[in-house]
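Undergrad: Pasting the sequence and the predicted model now:
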Amino acid sequence: MTGDIALPPLDLKGWRSTRDILRQYARCLGAIRRALSRPARHWSHIGLTVSTRGITTGPMMVAGERLEIRLDIRGAQIEIGTESGQAWVGRCPGTSCREILDRTNAWLARSGGASLIEIEMPEIENPDAFDQFAADRFWSALSRIDDILREFSGGLRGEAHGPLLWPHHFDLAVLWLSGRLVPGEDPKDEDRADESMNFGFSTGDDGIPSPYLYATAYPAVPQLSEMGLPNGARWHAQGWQGAKLDYASVADGDNPRELLLTFLTTVQQAGALAMRKRQPDP
């Protein structure tokens with residue numbers, strides 16, 4: 001990706017109901033993806049990806065055929081697609097998560113060779129509060145930040161996963177692995193074995209009620225709190241420890257792409273160096 005980008009205003013207070021509806025649909029897609037996918041490292045089998053118009057489970061091989069469920073944010077609809085063509089389209093909002101599951105199971109029953117899915121599905125609360133203009137604005141921000149995270153991830157040395165959109169917290173993130181195991185942890189423990197850093201974008205939450213970019217390290221690297229952060233970024237230590245950059249400061253900046261890439265790259269390089277000093281390569 002080259003050139004600068006423009007990021008829209010995204011104050012959570014003005015579109016929280018719409019965000020919550022989109023997040024519930026994302027949780028629905030994530031639950032179905034988890035049920036139909038083989039387990040993958042670091043839970044990447046439940047992560048969603050950003051597509052040309054929204055977010056998607058990506059292709060899932062089921063009963064010898066590829067199945068994909070897409071949340072088309074721009075078109076305000078849910079789509080179930082297969083190799084043989086579009087299987088079903090429903091409105092978003094207006095379609096319950098239960099109906100998406102039922103339609104998926106109906107396809108599974110017709111295809112043969114696959115067990116039906118039996119899982120609890122989230123409820124879509126307050127669908128009348130959905131604002132398509134706010135959803136389009138979010139999509140504009142999400143797609144551009146996804147491009148930047150892909151550019152950042154592509155330049156990393158070593159193993160990296162993502163960007164993936166995690167349904168539960170509705171954040172888009174890249175996971176980078178240093179290649180070293182955490183001393184004292186079971187190497188088979190998927191959540192705690194690998195030394196890593198996480199870089200992502202959140203629309204905001206109860207603790208931070210405004211969108212932000214973040215970078216964290218596992219295990220925590222205290223030295224990061226002492227490093228010089230790029231303009232607008234600061235150290236965060238309430239609830240989680242890491243570097244935080246307000247989305248508004250990026251969107252209002254002269255060059256959002258350069259500012260965000262500088263933030264991500266600076267923290268990653270500092271974190272990687274601190275990790276190496278703490279636990280030298282064998």
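TA: Everything's here; your move. Numbering: from 1, shown residues only.

Undergrad: Flag every buried residue along the helix or strand where Ile69 lies.
TA: Following DSSP states H and E, the helix or strand that holds Ile69 is strand 65-72. The neighbour-count check on strand 65-72 (16 or more other C-beta atoms under 10 Å) flags Leu67, Glu68, Ile69, Arg70, Leu71, Asp72 as buried. (Glycine included, C-beta is placed from N, CA and C.)

Undergrad: export stretch 27-39 as CSV, just CAs?
TA: Only the C-alpha atoms of stretch 27-39 are listed here, as CSV (Å, rounded to 0.1, in the frame of the first residue of the first chain):
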residue,chain,number,x,y,z
ARG,A,27,-19.8,-13.4,17.4
CYS,A,28,-22.4,-15.4,15.5
LEU,A,29,-20.0,-15.9,12.5
GLY,A,30,-17.1,-16.7,14.9
ALA,A,31,-19.2,-19.3,16.7
ILE,A,32,-20.1,-21.1,13.4
ARG,A,33,-16.5,-20.8,12.2
ARG,A,34,-15.2,-22.4,15.4
ALA,A,35,-17.7,-25.2,15.1
LEU,A,36,-16.8,-26.0,11.4
SER,A,37,-13.1,-25.4,11.5
ARG,A,38,-10.2,-27.5,12.6
PRO,A,39,-8.4,-26.0,15.7
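
Undergrad: model confidence over that stretch, on average?
TA: Across stretch 27-39, pLDDT averages out at 91.

Undergrad: now the buried residues of strand 65-72 in JSON lines, with distance to Ala215 and pLDDT?
TA: Below are the buried residues of strand 65-72 laid out as JSON lines (distance: C-beta to C-beta, whole Å; pLDDT from 0 to 100):
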{"residue": "Leu67", "distance to Ala215": "35", "pLDDT": "90"}
{"residue": "Glu68", "distance to Ala215": "31", "pLDDT": "94"}
{"residue": "Ile69", "distance to Ala215": "31", "pLDDT": "95"}
{"residue": "Arg70", "distance to Ala215": "29", "pLDDT": "95"}
{"residue": "Leu71", "distance to Ala215": "27", "pLDDT": "96"}
{"residue": "Asp72", "distance to Ala215": "31", "pLDDT": "95"}
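
Undergrad: so what secondary structure elements neighbour the helix or strand that the strand holding Ile69 is followed by?
TA: Per DSSP H and E, the first helix or strand lying C-terminal to strand 65-72 is strand 77-82. With contacts taken as 3 or more C-beta pairs under 8 Å, 6 or more residues apart in numbering; DSSP states H and E, strand 77-82 sits against strand 65-72, strand 85-91, helix 97-111.

Undergrad: Out of the ones you listed, which is closest to Asp128?
TA: strand 85-91 (12.9 Å; C-beta to C-beta).

Undergrad: Give me the contacts around the closest one.
TA: Leu67, Ala76, Gln77, Ile78, Glu79, Ile80, Gly81, Glu99, Ile100, Arg103, Trp107 (C-beta atoms under 8 Å, 6 or more residues apart in numbering).

Undergrad: Pull out the buried members of the residues you listed.
TA: Looking at these with 16+ other C-beta under 10 Å, the buried ones turn out to be Leu67, Ala76, Gln77, Ile78, Glu79, Ile80, Gly81, Ile100, Arg103, Trp107.

Undergrad: Outline the domain layout of the chain.
TA: According to automatic domain parsing, the chain comprises the domains 12-128, 132-278.

Undergrad: Just put those domains in JSON lines and tack on distance to Ile5.
TA: Formatted as JSON lines, the domains of the chain follow (distance: least, C-beta to C-beta, whole Å):
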{"stretch": "domain 12-128", "distance to Ile5": "14"}
{"stretch": "domain 132-278", "distance to Ile5": "5"}
